[in-house]
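**Student:** Below: sequence and its predicted model.
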Amino acid sequence: MFLPLDPDAVAHGIQLSVAPVFLLTAVSGMIGAVANRLARIIDRARLLEKGLQAPMEAAEHDKIFKELAELRRRGLLANCSIALLTVCAVCIGLTIMILFLGETLNFQGLRISIVSFLGGVICFLLALICFLIETWIATRVLNFAQRTT
């Protein structure tokens with residue numbers, strides 16, 4: 001099936017659909033940042049679990065389990081953030097496709113593109129909230145008191 005396409009319509013369709021690509025760039029950067037944090041969480045949890053095999057006092061044992069529980073919470077938030085960012089990327093990709101098809105083939109998908117774009121933005125904002133909570137949990141346990149010599 002041959003579809004006669006106007007080169008100007010194709011060029012304008014590409015211009016129109018490129019704008020949401022910038023959001024995809026932000027999403028990929030966020031996925032990288034959150035994935036790195038998740039990797040550090042996993043590494044710390046493995047180190048603590050390995051330390052549980054050594055003999056220790058009950059208080060130290062409880063302290064390790066408490067930290068492991070916080071690491072689990074942080075890991076769940078990081079996973080949630082990555083999932084939301086992935087859904088965001090899919091929604092933005094769908095938006096790009098619909099905008100391009102609408103401009104080049106007169107596809108009437110304006111409502112779909114609005115819903116997919118707004119869904120992507122909402123997922124991005126929710127992912128940022130998960131990221132904020134995860135970083136807050138990570139930093140609230142830090143003790144910045146400096147040792148004097």
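**Tutor:** Okay, I see it. Just so we're clear, the structure is a prediction, and the values are computed from it rather than from any experiment.
**Student:** how many other residues sit next to residue 73?
**Tutor:** Close neighbours of residue 73, defined as other Cβ atoms under 10 Å, add up to 14. In short, each C-beta sits where N, CA and C put it, glycine included.
**Student:** same for the helix or strand harbouring it, what does it pack against?
**Tutor:** Take DSSP states H and E as the rule and residue 73 turns out to sit in helix 58-105. The contact analysis (3 or more Cβ pairs under 8 Å, 6 or more residues apart in numbering; DSSP states H and E) places helix 58-105 against helix 7-18, helix 21-51, helix 110-140.
**Student:** Mean confidence (pLDDT) on the first one, please.
**Tutor:** For helix 7-18, mean pLDDT is 68.
**Student:** which ones are touching residue 92?
**Tutor:** 20, 23, 24, 27, 116, 117, 120 (Cβ atoms under 8 Å, 6 or more residues apart in numbering).
**Student:** 6 Å - rerun?
**Tutor:** 20, 23, 24, 120 (Cβ atoms under 6 Å, 6 or more residues apart in numbering).
**Student:** Residue 66 now?
**Tutor:** Contacts of residue 66 by Cβ under 6 Å, 6+ apart: none found.
**Student:** on that earlier part again, who wins for most neighbours among the contacts of residue 92?
**Tutor:** residue 120 (25 neighbours).
**Student:** Not counting sequence-adjacent ones, nearest residue to that one?
**Tutor:** residue 91 (3.4 Å; Cβ to Cβ, 6 or more residues apart in numbering).
**Student:** neighbours around residue 31, how many?
**Tutor:** 17.
**Student:** State the distance from residue 20 to residue 91.
**Tutor:** Noted for residue 20: a distance of 9 Å to residue 91, by Cβ to Cβ, to the nearest Å.
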